[in-house]
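A.B. asks: structure for the following, please:
(2 chains, ligands or ions: 2)
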Amino acid sequence: MSPDIMHELDRIDTLSGQMISLCMQCGVCSASCPNVLEMDLTPRAVMHHAQLGQMDKILSGKTIWVCSSCLQCSVRCPRGIDLARVMEAFRLVKLRKREGMLDPADLDPACSDAPPILLVAAMRKLTG
Amino acid sequence: MSVLYFPGCTLKNKAENFDQSFVSSMAGLGVDMKELDRWNCCGTVFSMASDDLMSQLAPIRNLLRAEQQGADALLAPCSMCYNTLARAKHFVAQEPDRLEKLHSFMYKEQGDYKGAVDVVHPLAYLRDSIGFDLVAKKVSRPLEGLKLGAYYGCLLTRPSIVSIDDPQKPEVMDKLINALGAESVYFEQRTECCGSYQTLTNLAVVANRTNMIIRSARTSGAQALVTSCPLCAYNLDQMQREARKHHSDLSPMPVFYFTELMALALGQDWKSEWTELHEVDPAGLLKEHGLD
Ligand code: SF4
Ligand code: SF4
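C.D. replies: Residues are numbered from 1 along each chain as shown, chains lettered A, B, ... in the order given. Ligands and ions are numbered 1, 2, ... in the order given. Here you go, the predicted model:
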(Lines give C-alpha, C1' and ligand atoms only; values in the text may rest on other atoms or scores of the structure.)
(Ligands and ions follow the chains in the order given, each with its own letter.)
Protein backbone atom coordinates (compact mmCIF):
# COMPACT_ATOMS: atom_id res chain seq x y z
CA MET A 1 0.00 0.00 0.00
CA SER A 2 1.32 3.44 -0.89
CA PRO A 3 2.23 5.85 1.91
CA ASP A 4 -0.58 8.18 0.78
CA ILE A 5 -3.18 5.50 1.19
CA MET A 6 -1.73 4.47 4.54
CA HIS A 7 -2.01 8.06 5.64
CA GLU A 8 -5.67 8.28 4.58
CA LEU A 9 -6.49 5.03 6.35
CA ASP A 10 -4.70 6.22 9.48
CA ARG A 11 -6.77 9.35 9.44
CA ILE A 12 -10.05 7.43 9.37
CA ASP A 13 -8.80 5.00 12.03
CA THR A 14 -7.82 7.90 14.28
CA LEU A 15 -11.01 9.88 13.76
CA SER A 16 -13.21 6.86 14.34
CA GLY A 17 -11.09 5.15 16.96
CA GLN A 18 -11.53 1.90 14.99
CA MET A 19 -9.20 -0.35 12.98
CA ILE A 20 -10.52 -0.75 9.48
CA SER A 21 -8.05 -3.54 8.77
CA LEU A 22 -9.86 -5.77 11.29
CA CYS A 23 -12.88 -6.14 9.01
CA MET A 24 -13.20 -9.67 7.62
CA GLN A 25 -15.87 -8.78 5.06
CA CYS A 26 -18.55 -11.03 6.52
CA GLY A 27 -21.41 -8.69 5.61
CA VAL A 28 -23.25 -8.86 8.94
CA CYS A 29 -23.32 -5.06 8.93
CA SER A 30 -25.01 -4.90 5.53
CA ALA A 31 -27.53 -7.54 6.55
CA SER A 32 -28.34 -5.54 9.71
CA CYS A 33 -28.56 -2.11 8.14
CA PRO A 34 -32.15 -0.85 7.87
CA ASN A 35 -31.23 1.70 5.21
CA VAL A 36 -29.13 -0.50 2.94
CA LEU A 37 -31.62 -0.41 0.06
CA GLU A 38 -31.11 3.34 -0.31
CA MET A 39 -27.31 3.07 -0.30
CA ASP A 40 -25.03 2.84 -3.34
CA LEU A 41 -22.32 1.04 -1.38
CA THR A 42 -23.38 -1.41 1.32
CA PRO A 43 -21.73 -0.91 4.72
CA ARG A 44 -19.53 -3.96 4.00
CA ALA A 45 -18.51 -2.43 0.66
CA VAL A 46 -17.57 0.81 2.44
CA MET A 47 -15.21 -1.21 4.62
CA HIS A 48 -13.81 -3.00 1.59
CA HIS A 49 -13.10 0.19 -0.34
CA ALA A 50 -11.59 1.71 2.78
CA GLN A 51 -9.26 -1.25 3.17
CA LEU A 52 -8.18 -0.80 -0.44
CA GLY A 53 -7.65 2.90 0.10
CA GLN A 54 -10.37 3.85 -2.39
CA MET A 55 -11.56 6.74 -0.28
CA ASP A 56 -12.98 8.77 -3.17
CA LYS A 57 -15.47 6.08 -3.94
CA ILE A 58 -16.81 6.34 -0.39
CA LEU A 59 -16.61 10.11 -0.12
CA SER A 60 -18.41 10.74 -3.40
CA GLY A 61 -21.11 8.13 -2.76
CA LYS A 62 -24.46 8.25 -1.00
CA THR A 63 -23.92 5.74 1.76
CA ILE A 64 -22.31 7.93 4.42
CA TRP A 65 -25.23 10.36 4.16
CA VAL A 66 -27.95 7.70 4.18
CA CYS A 67 -26.57 6.13 7.35
CA SER A 68 -28.81 7.17 10.24
CA SER A 69 -26.30 6.29 13.01
CA CYS A 70 -28.63 3.61 14.35
CA LEU A 71 -25.71 1.47 15.61
CA GLN A 72 -27.29 -1.80 14.54
CA CYS A 73 -24.13 -2.68 12.57
CA SER A 74 -21.93 -1.63 15.48
CA VAL A 75 -23.59 -3.91 18.01
CA ARG A 76 -23.57 -6.89 15.65
CA CYS A 77 -20.12 -6.75 14.02
CA PRO A 78 -18.35 -10.00 15.00
CA ARG A 79 -15.00 -8.21 14.79
CA GLY A 80 -16.10 -5.57 17.28
CA ILE A 81 -15.83 -2.71 14.82
CA ASP A 82 -18.01 0.27 15.61
CA LEU A 83 -18.92 0.87 11.99
CA ALA A 84 -21.25 3.78 12.83
CA ARG A 85 -18.10 5.60 13.97
CA VAL A 86 -16.38 4.82 10.68
CA MET A 87 -19.37 6.31 8.83
CA GLU A 88 -19.15 9.36 11.08
CA ALA A 89 -15.43 9.73 10.35
CA PHE A 90 -16.06 9.72 6.59
CA ARG A 91 -18.83 12.27 7.01
CA LEU A 92 -16.50 14.46 9.01
CA VAL A 93 -13.81 14.33 6.33
CA LYS A 94 -16.39 16.00 4.08
CA LEU A 95 -18.04 18.23 6.69
CA ARG A 96 -14.73 19.65 7.88
CA LYS A 97 -14.09 20.82 4.31
CA ARG A 98 -17.55 22.43 4.33
CA GLU A 99 -18.78 19.82 1.88
CA GLY A 100 -21.98 18.85 3.60
CA MET A 101 -24.94 17.37 1.81
CA LEU A 102 -27.61 19.57 3.41
CA ASP A 103 -27.66 23.30 2.86
CA PRO A 104 -30.05 24.90 5.35
CA ALA A 105 -30.92 27.50 2.70
CA ASP A 106 -32.49 24.74 0.60
CA LEU A 107 -34.84 23.55 3.31
CA ASP A 108 -38.53 23.48 2.53
CA PRO A 109 -40.24 26.08 4.78
CA ALA A 110 -42.81 23.38 5.55
CA CYS A 111 -40.16 21.75 7.72
CA SER A 112 -40.91 24.28 10.45
CA ASP A 113 -43.60 21.74 11.29
CA ALA A 114 -40.86 19.30 12.29
CA PRO A 115 -39.69 18.75 15.86
CA PRO A 116 -36.55 20.73 16.78
CA ILE A 117 -34.59 17.52 17.40
CA LEU A 118 -35.07 16.58 13.75
CA LEU A 119 -33.75 19.92 12.48
CA VAL A 120 -30.81 20.05 14.86
CA ALA A 121 -29.89 16.39 14.36
CA ALA A 122 -29.95 16.66 10.56
CA MET A 123 -27.88 19.83 10.57
CA ARG A 124 -25.32 18.42 12.96
CA LYS A 125 -24.95 15.27 10.90
CA LEU A 126 -25.27 16.58 7.37
CA THR A 127 -24.31 20.26 7.24
CA GLY A 128 -20.71 21.36 6.73
CA MET B 1 -32.93 10.44 46.07
CA SER B 2 -33.17 13.91 44.60
CA VAL B 3 -34.35 13.93 41.00
CA LEU B 4 -34.37 16.69 38.44
CA TYR B 5 -36.12 16.70 35.09
CA PHE B 6 -34.36 17.51 31.83
CA PRO B 7 -37.08 18.25 29.24
CA GLY B 8 -34.98 19.25 26.23
CA CYS B 9 -36.16 21.45 23.37
CA THR B 10 -38.79 19.27 21.75
CA LEU B 11 -40.83 18.56 24.87
CA LYS B 12 -41.30 22.29 25.26
CA ASN B 13 -42.33 22.62 21.67
CA LYS B 14 -43.75 19.97 19.30
CA ALA B 15 -44.09 17.34 22.01
CA GLU B 16 -45.80 19.28 24.78
CA ASN B 17 -48.09 16.30 25.25
CA PHE B 18 -44.99 14.31 26.26
CA ASP B 19 -43.90 17.02 28.73
CA GLN B 20 -47.31 17.53 30.31
CA SER B 21 -48.15 13.87 30.63
CA PHE B 22 -44.72 13.09 32.08
CA VAL B 23 -44.92 15.81 34.72
CA SER B 24 -48.47 14.91 35.73
CA SER B 25 -47.75 11.17 35.84
CA MET B 26 -44.72 11.64 38.06
CA ALA B 27 -46.79 13.82 40.37
CA GLY B 28 -49.49 11.14 40.33
CA LEU B 29 -46.88 8.61 41.43
CA GLY B 30 -45.79 10.88 44.25
CA VAL B 31 -42.34 11.68 42.85
CA ASP B 32 -40.97 14.98 44.01
CA MET B 33 -39.38 16.23 40.82
CA LYS B 34 -38.36 19.68 39.65
CA GLU B 35 -37.22 20.88 36.27
CA LEU B 36 -33.49 21.49 35.93
CA ASP B 37 -32.86 25.19 36.19
CA ARG B 38 -31.18 26.83 33.17
CA TRP B 39 -30.93 23.73 31.02
CA ASN B 40 -29.59 24.06 27.51
CA CYS B 41 -29.68 21.86 24.40
CA CYS B 42 -28.38 18.35 25.11
CA GLY B 43 -26.48 18.35 21.82
CA THR B 44 -29.20 16.19 20.19
CA VAL B 45 -26.87 13.71 18.52
CA PHE B 46 -23.81 12.31 20.23
CA SER B 47 -20.66 13.10 18.27
CA MET B 48 -18.83 9.87 17.50
CA ALA B 49 -15.53 11.48 16.50
CA SER B 50 -12.67 10.80 18.88
CA ASP B 51 -11.38 14.39 18.68
CA ASP B 52 -14.63 16.33 18.90
CA LEU B 53 -14.65 17.62 22.46
CA MET B 54 -16.56 20.73 21.51
CA SER B 55 -19.75 18.73 20.95
CA GLN B 56 -19.55 17.36 24.49
CA LEU B 57 -19.72 20.80 26.01
CA ALA B 58 -23.52 21.15 25.83
CA PRO B 59 -24.35 17.84 27.52
CA ILE B 60 -21.64 18.18 30.17
CA ARG B 61 -22.77 21.69 31.00
CA ASN B 62 -26.24 20.28 31.74
CA LEU B 63 -24.78 17.57 33.95
CA LEU B 64 -22.66 20.09 35.82
CA ARG B 65 -25.76 22.19 36.51
CA ALA B 66 -27.74 19.16 37.63
CA GLU B 67 -24.92 18.27 40.02
CA GLN B 68 -24.73 21.77 41.41
CA GLN B 69 -28.49 21.83 41.91
CA GLY B 70 -28.12 18.78 44.11
CA ALA B 71 -29.51 16.08 41.84
CA ASP B 72 -28.62 12.43 42.29
CA ALA B 73 -30.44 11.59 39.08
CA LEU B 74 -31.30 13.61 36.01
CA LEU B 75 -34.42 12.21 34.33
CA ALA B 76 -34.45 12.61 30.56
CA PRO B 77 -37.64 11.22 28.98
CA CYS B 78 -36.69 12.07 25.38
CA SER B 79 -34.67 9.15 24.01
CA MET B 80 -32.34 11.45 22.11
CA CYS B 81 -31.60 13.61 25.13
CA TYR B 82 -31.15 10.53 27.30
CA ASN B 83 -28.75 8.92 24.85
CA THR B 84 -26.66 12.04 24.23
CA LEU B 85 -26.36 12.96 27.90
CA ALA B 86 -25.55 9.40 28.99
CA ARG B 87 -22.94 8.86 26.27
CA ALA B 88 -21.31 12.22 26.99
CA LYS B 89 -21.02 11.23 30.64
CA HIS B 90 -19.22 8.02 29.65
CA PHE B 91 -17.06 9.78 27.09
CA VAL B 92 -15.54 12.18 29.59
CA ALA B 93 -15.28 9.52 32.29
CA GLN B 94 -13.02 7.45 30.02
CA GLU B 95 -10.10 9.91 30.02
CA PRO B 96 -9.53 12.54 32.71
CA ASP B 97 -7.84 15.01 30.38
CA ARG B 98 -11.03 15.31 28.31
CA LEU B 99 -12.77 16.80 31.29
CA GLU B 100 -9.82 19.02 32.06
CA LYS B 101 -10.04 20.55 28.58
CA LEU B 102 -13.81 20.94 28.86
CA HIS B 103 -13.41 22.76 32.15
CA SER B 104 -11.20 25.32 30.49
CA PHE B 105 -14.09 26.14 28.18
CA MET B 106 -16.67 26.32 30.94
CA TYR B 107 -15.14 29.42 32.44
CA LYS B 108 -18.47 30.98 33.34
CA GLU B 109 -19.48 28.02 35.45
CA GLN B 110 -18.50 27.94 39.07
CA GLY B 111 -16.83 24.74 40.16
CA ASP B 112 -16.01 21.54 38.33
CA TYR B 113 -18.08 18.69 37.02
CA LYS B 114 -17.49 15.61 39.15
CA GLY B 115 -19.43 12.96 37.28
CA ALA B 116 -21.66 12.29 40.28
CA VAL B 117 -25.11 12.72 38.76
CA ASP B 118 -26.70 9.75 37.02
CA VAL B 119 -28.47 10.18 33.71
CA VAL B 120 -31.61 8.10 34.05
CA HIS B 121 -34.38 7.35 31.62
CA PRO B 122 -37.81 7.50 33.29
CA LEU B 123 -38.64 3.97 32.12
CA ALA B 124 -35.65 2.70 34.09
CA TYR B 125 -36.61 4.94 37.00
CA LEU B 126 -40.14 3.48 37.02
CA ARG B 127 -38.69 -0.02 37.07
CA ASP B 128 -35.83 0.47 39.53
CA SER B 129 -36.85 3.27 41.88
CA ILE B 130 -40.63 3.07 41.91
CA GLY B 131 -41.35 -0.48 40.81
CA PHE B 132 -44.00 -1.61 38.35
CA ASP B 133 -45.97 -3.22 41.20
CA LEU B 134 -46.49 0.17 42.77
CA VAL B 135 -47.33 1.72 39.40
CA ALA B 136 -49.95 -1.00 38.89
CA LYS B 137 -51.42 -0.27 42.33
CA LYS B 138 -51.83 3.40 41.48
CA VAL B 139 -53.70 2.66 38.27
CA SER B 140 -57.29 3.82 38.62
CA ARG B 141 -58.35 3.33 35.01
CA PRO B 142 -56.71 0.21 33.61
CA LEU B 143 -56.14 0.35 29.87
CA GLU B 144 -57.98 -2.92 29.44
CA GLY B 145 -58.29 -4.32 25.98
CA LEU B 146 -55.61 -2.13 24.42
CA LYS B 147 -52.93 -4.06 22.55
CA LEU B 148 -49.80 -1.96 22.30
CA GLY B 149 -46.46 -2.39 20.59
CA ALA B 150 -43.54 -1.01 22.63
CA TYR B 151 -41.25 0.63 20.11
CA TYR B 152 -37.73 1.00 21.56
CA GLY B 153 -36.00 2.25 18.42
CA CYS B 154 -32.24 2.79 18.62
CA LEU B 155 -31.45 5.16 21.40
CA LEU B 156 -32.80 3.41 24.49
CA THR B 157 -30.73 0.29 23.91
CA ARG B 158 -27.71 1.25 21.79
CA PRO B 159 -24.83 1.42 22.42
CA SER B 160 -25.03 -1.19 25.16
CA ILE B 161 -23.08 0.97 27.60
CA VAL B 162 -26.10 3.28 27.92
CA SER B 163 -28.81 0.67 27.30
CA ILE B 164 -31.66 0.93 29.79
CA ASP B 165 -32.33 -2.80 29.50
CA ASP B 166 -31.05 -5.97 27.82
CA PRO B 167 -30.00 -4.48 24.46
CA GLN B 168 -31.15 -7.56 22.53
CA LYS B 169 -34.36 -8.22 24.42
CA PRO B 170 -35.60 -5.07 26.09
CA GLU B 171 -38.80 -5.46 28.08
CA VAL B 172 -38.99 -2.42 30.33
CA MET B 173 -41.59 -0.61 28.21
CA ASP B 174 -43.60 -3.81 27.78
CA LYS B 175 -43.68 -4.19 31.55
CA LEU B 176 -44.97 -0.66 31.97
CA ILE B 177 -47.68 -1.26 29.37
CA ASN B 178 -48.78 -4.37 31.24
CA ALA B 179 -48.67 -2.58 34.59
CA LEU B 180 -51.07 -0.03 33.15
CA GLY B 181 -53.53 -2.78 32.37
CA ALA B 182 -52.96 -2.94 28.62
CA GLU B 183 -51.43 -5.85 26.78
CA SER B 184 -47.97 -5.43 25.26
CA VAL B 185 -47.37 -7.09 21.94
CA TYR B 186 -43.96 -8.29 20.76
CA PHE B 187 -43.11 -7.35 17.19
CA GLU B 188 -40.02 -7.86 15.14
CA GLN B 189 -39.19 -4.26 14.28
CA ARG B 190 -39.31 -2.95 17.85
CA THR B 191 -35.60 -2.07 18.01
CA GLU B 192 -35.07 -1.13 14.36
CA CYS B 193 -34.39 2.48 13.39
CA CYS B 194 -37.25 4.79 12.29
CA GLY B 195 -34.96 6.56 9.83
CA SER B 196 -34.08 9.27 12.34
CA TYR B 197 -32.85 12.56 10.85
CA GLN B 198 -33.13 11.21 7.28
CA THR B 199 -36.61 12.79 7.18
CA LEU B 200 -35.11 16.07 6.07
CA THR B 201 -33.02 14.76 3.19
CA ASN B 202 -34.19 11.29 2.28
CA LEU B 203 -37.89 10.79 2.80
CA ALA B 204 -37.80 7.48 0.97
CA VAL B 205 -35.74 5.99 3.82
CA VAL B 206 -38.25 7.13 6.42
CA ALA B 207 -41.31 6.16 4.37
CA ASN B 208 -39.86 2.69 4.03
CA ARG B 209 -38.96 2.38 7.72
CA THR B 210 -42.35 3.65 8.89
CA ASN B 211 -44.13 1.24 6.60
CA MET B 212 -42.06 -1.70 7.84
CA ILE B 213 -42.43 -0.84 11.52
CA ILE B 214 -46.18 -0.27 11.42
CA ARG B 215 -46.78 -3.37 9.37
CA SER B 216 -44.69 -5.45 11.72
CA ALA B 217 -46.60 -4.13 14.75
CA ARG B 218 -49.97 -4.68 13.11
CA THR B 219 -49.12 -8.21 12.01
CA SER B 220 -48.36 -9.01 15.64
CA GLY B 221 -51.73 -7.68 16.72
CA ALA B 222 -50.84 -4.19 17.99
CA GLN B 223 -53.48 -1.47 17.71
CA ALA B 224 -51.05 1.35 18.43
CA LEU B 225 -47.35 2.02 18.97
CA VAL B 226 -45.72 3.40 22.11
CA THR B 227 -42.51 5.42 22.05
CA SER B 228 -40.32 7.66 24.17
CA CYS B 229 -38.74 9.61 21.33
CA PRO B 230 -40.30 12.67 19.68
CA LEU B 231 -38.35 12.02 16.48
CA CYS B 232 -39.59 8.42 16.31
CA ALA B 233 -43.08 9.75 17.03
CA TYR B 234 -42.79 12.23 14.18
CA ASN B 235 -41.51 9.65 11.72
CA LEU B 236 -44.00 6.98 12.74
CA ASP B 237 -47.04 9.23 13.13
CA GLN B 238 -46.72 12.35 10.94
CA MET B 239 -44.71 10.54 8.27
CA GLN B 240 -47.34 7.83 7.84
CA ARG B 241 -48.70 10.12 5.13
CA GLU B 242 -45.37 9.82 3.26
CA ALA B 243 -45.30 6.08 3.78
CA ARG B 244 -48.81 5.86 2.36
CA LYS B 245 -47.69 7.56 -0.86
CA HIS B 246 -45.50 4.53 -1.52
CA HIS B 247 -47.64 1.91 0.22
CA SER B 248 -51.25 2.89 -0.33
CA ASP B 249 -52.65 -0.04 1.65
CA LEU B 250 -50.99 1.05 4.89
CA SER B 251 -53.86 1.78 7.24
CA PRO B 252 -53.42 4.38 10.00
CA MET B 253 -52.02 3.44 13.41
CA PRO B 254 -51.88 5.86 16.35
CA VAL B 255 -48.58 6.48 18.13
CA PHE B 256 -48.51 7.33 21.85
CA TYR B 257 -45.84 8.53 24.23
CA PHE B 258 -45.63 6.08 27.12
CA THR B 259 -46.36 8.98 29.46
CA GLU B 260 -49.69 9.77 27.78
CA LEU B 261 -50.83 6.24 28.52
CA MET B 262 -49.49 6.45 32.04
CA ALA B 263 -51.37 9.71 32.68
CA LEU B 264 -54.59 8.13 31.36
CA ALA B 265 -54.24 5.01 33.47
CA LEU B 266 -53.46 7.06 36.57
CA GLY B 267 -56.84 8.69 36.16
CA GLN B 268 -56.04 11.91 34.34
CA ASP B 269 -58.11 12.99 31.39
CA TRP B 270 -56.88 12.96 27.85
CA LYS B 271 -56.38 16.57 26.76
CA SER B 272 -57.78 17.78 23.48
CA GLU B 273 -54.53 19.74 22.88
CA TRP B 274 -52.69 16.43 22.88
CA THR B 275 -54.82 15.19 20.02
CA GLU B 276 -53.68 18.15 17.95
CA LEU B 277 -50.09 16.99 18.31
CA HIS B 278 -51.00 13.57 16.91
CA GLU B 279 -51.53 13.10 13.21
CA VAL B 280 -53.35 9.79 13.47
CA ASP B 281 -56.10 10.62 15.94
CA PRO B 282 -56.07 8.12 18.83
CA ALA B 283 -59.55 9.21 19.98
CA GLY B 284 -61.38 6.42 18.17
CA LEU B 285 -59.22 3.71 19.69
CA LEU B 286 -59.49 5.18 23.19
CA LYS B 287 -63.24 5.54 22.88
CA GLU B 288 -63.62 1.96 21.73
CA HIS B 289 -62.07 0.92 25.04
CA GLY B 290 -63.99 3.35 27.19
CA LEU B 291 -60.91 5.50 27.80
CA ASP B 292 -62.06 8.81 26.38
S1 SF4 C 1 -19.85 -6.84 10.24
FE2 SF4 C 1 -17.83 -6.06 10.83
S3 SF4 C 1 -16.37 -7.58 10.03
FE4 SF4 C 1 -18.34 -8.00 9.04
S5 SF4 C 1 -18.21 -6.84 7.10
FE6 SF4 C 1 -19.21 -5.49 8.59
S7 SF4 C 1 -17.54 -4.28 9.50
FE8 SF4 C 1 -16.60 -6.03 8.44
S1 SF4 D 1 -25.34 2.84 11.76
FE2 SF4 D 1 -25.57 3.41 9.60
S3 SF4 D 1 -24.53 1.78 8.47
FE4 SF4 D 1 -24.85 1.01 10.54
S5 SF4 D 1 -26.75 -0.16 10.41
FE6 SF4 D 1 -27.28 1.93 11.05
S7 SF4 D 1 -27.75 3.06 9.16
FE8 SF4 D 1 -26.65 1.16 8.59
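A.B. asks: every contact and neighbour count from this point should use C-alpha atoms.
C.D. replies: Noted.
A.B. asks: per-domain residue ranges of chain A.
C.D. replies: Here the domain assignment for chain A is A:3-97, A:100-128, based on automatic domain parsing.
A.B. asks: and the first one, does that touch ligand 1?
C.D. replies: Yep, that's domain A:3-97 we're talking about. Yes: interface with ligand 1: domain A:3-97 contributes A:23-29, A:44, A:77-79, A:81, A:83 (Cα under 6 Å from any ligand atom).
A.B. asks: if I pick the spatially most central residue of chain A, what's in contact with it?
C.D. replies: By Cα atoms, centre = their mean, the mean C-alpha position of chain A lies nearest to A:Met87, the distance being 2.2 Å. Contact analysis of A:Met87 by Cα atoms under 8 Å, 6 or more residues apart in numbering or on different chains lists A:Ile64, A:Cys67.
A.B. asks: can you pull the pLDDT of it?
C.D. replies: Looking at A:Met87, its pLDDT reads 98.
A.B. asks: go on, the one 10 residues further on?
C.D. replies: Note for A:Lys97: predicted pLDDT of 95.
A.B. asks: and it, how many neighbours?
C.D. replies: The tally of other residues near A:Lys97 (other Cα atoms under 10 Å in any protein chain shown) stands at 9.
A.B. asks: now it: how far from A:Asp106?
C.D. replies: Counting by Cα to Cα, to the nearest Å, the gap from A:Lys97 to A:Asp106 is 19 Å.
A.B. asks: do A:Glu38 as well
C.D. replies: For A:Glu38, the distance to A:Asp106 - Cα to Cα - is 21 Å.
A.B. asks: and the end-to-end length of stretch B:61-79?
C.D. replies: 19 Å.
A.B. asks: if we go by neighbour counts, what in that stretch is buried?
C.D. replies: By 16 or more other Cα atoms under 10 Å in any protein chain shown, the buried positions in stretch B:61-79 come out as B:61-67, B:71-79.
A.B. asks: how about low-confidence regions in chain B?
C.D. replies: Scanning chain B for pLDDT under 70 picks out no residues.
A.B. asks: from it, which residue is nearest to ligand 1?
C.D. replies: B:Pro159 (15.5 Å; Cα to the nearest ligand atom).
A.B. asks: what about the strands in chain B?
C.D. replies: B:3-5, B:33-35, B:73-75, B:118-120, B:147-150, B:183-184, B:224-227, B:255-257 (DSSP state E).
A.B. asks: and the shortest one, how far out from the chain middle?
C.D. replies: The gap between the average C-alpha position of strand B:183-184 and the chain average comes to 18 Å, counting by Cα atoms, centre = their mean, to the nearest Å.
A.B. asks: of all the strands of chain B, which one comes closest to B:Leu53?
C.D. replies: Closest to B:Leu53 of the strands of chain B, according to Cα to Cα: strand B:118-120, at 19.3 Å.
A.B. asks: from B:Pro96, how far off is the residue of the stretch 101-250 of chain B found nearest ligand 2?
C.D. replies: Nearest residue of the stretch 101-250 of chain B to ligand 2 (Cα to the nearest ligand atom) works out as B:Cys193 at 7.5 Å. Distance, B:Cys193 to B:Pro96, using Cα to Cα: 33 Å.
A.B. asks: neighbour count winner among those two?
C.D. replies: B:Cys193 (25 against 10).
A.B. asks: where do the helices of chain B begin and end?
C.D. replies: B:16-28, B:57-68, B:79-94, B:96-105, B:122-125, B:132-138, B:172-179, B:203-219, B:230-233, B:240-246, B:258-265, B:272-276, B:283-288 (DSSP state H).
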